[in-house]
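Visitor: just need the structure, nothing else, for what follows:
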Amino acid sequence: MKLLVQSDDYGITRAVSLGCIHGIRNGVIRNTGMFANMPWIEECVEWIRPYLDQIAFGIDLNASTGPSILGHEKLPTLTHEDGTFLGSKENRALDTDENDHDHLADHRDELYAEFKAQIERYIELVGHKPDYIHNHAYGTKTTDEVTRTLAKEYGVLCSVAFMDREEVTEPGMGWYVWGGPEAQLNEDPISYITGLGEDVMNS
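Guide: Numbers count the residues shown, from 1 in each chain. So this is what the prediction gives:
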């Protein structure tokens, strides 16, 4: 059995980026996905560049956090007037029974264009295609489909498709609790994950 430890959201903040690097240098992190849309991402890429031969460096395609690359004029459905993305809660509030809980289904072109722009930004900064493509946070059938489509177009592993394999078991988020950092620090994700690992090995 192999345990793959992924640290999401590289570049979402400078502090998160430094935490990911600490986990690479001193821990078990062997892959992390980059937020290509953040204004400080150039700096964060330079920080991680010395470790790129030790990890899989992917991209977290993001349509719910921070500023968009293409801006509000090109993404009127996905963003506020200042170009920042609608948050996950705002997006989910737009997912109703009437639109089959996927308001992005009628705006696939916007999502595709922004996700493609993020991949191109990654290539510009890192110098090659991402090692894998992953979705961040808010996800629907449309975000899943667009992510899979772009992964095929670029010839890159898609983490969603990777999870389709019979030999892969995703631990899930059963350990995760809402309520801020204090509540989350009281949880025990290691025992949750390793316990699931034992269940898988014994099945």
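Visitor: run a quick neighbour tally on Asn31.
Guide: 19 (other Cβ atoms under 10 Å). (Glycine included, C-beta is placed from N, CA and C.)
Visitor: and for the closest residue to it other than its chain neighbours, the neighbour number?
Guide: Counting by Cβ to Cβ, 6 or more residues apart in numbering, the nearest residue to Asn31 once its immediate chain neighbours are dropped is Ala56, at 3.9 Å. Neighbour count of Ala56, defined by other Cβ under 10 Å: 15.
Visitor: and Lys129, by the same measure?
Guide: Around Lys129 there are 16 residues (other Cβ under 10 Å).
Visitor: let the chain start at 51 from now.
Guide: With 51 as the first residue, the last one maps to Lys179.
Visitor: wait, is it part of a helix?
Guide: No: secondary structure of Lys179 (DSSP: H, G, I helix; E, B strand; the rest coil): coil, not part of a helix.
Visitor: surely it meets Gly205?
Guide: Yes: the pair Lys179 and Gly205 qualifies as a contact (Cβ atoms under 8 Å) at a distance of 7.4 Å.
Visitor: if we can go back for a sec, what about the residue nearest to Asn81, distance to Glu237?
Guide: Distance check for Ala106 against Glu237: by Cβ to Cβ, to the nearest Å, it reads 26 Å.
Visitor: count of residues packed around Glu237?
Guide: 14.
Visitor: check Thr193 too.
Guide: Look at Thr193: counted by other Cβ under 10 Å, it has 24 neighbours.
Visitor: tell me the SS of it?
Guide: helix.
Visitor: again, but for Phe107
Guide: Secondary structure assignment for Phe107 (three-state DSSP): strand.
Visitor: can you pull the contacts of it?
Guide: When contacts are counted by Cβ atoms under 8 Å, 6 or more residues apart in numbering, Phe107 touches 60, 81-84, 98, 176, 180-181.
Visitor: I appreciate the help and will end here.
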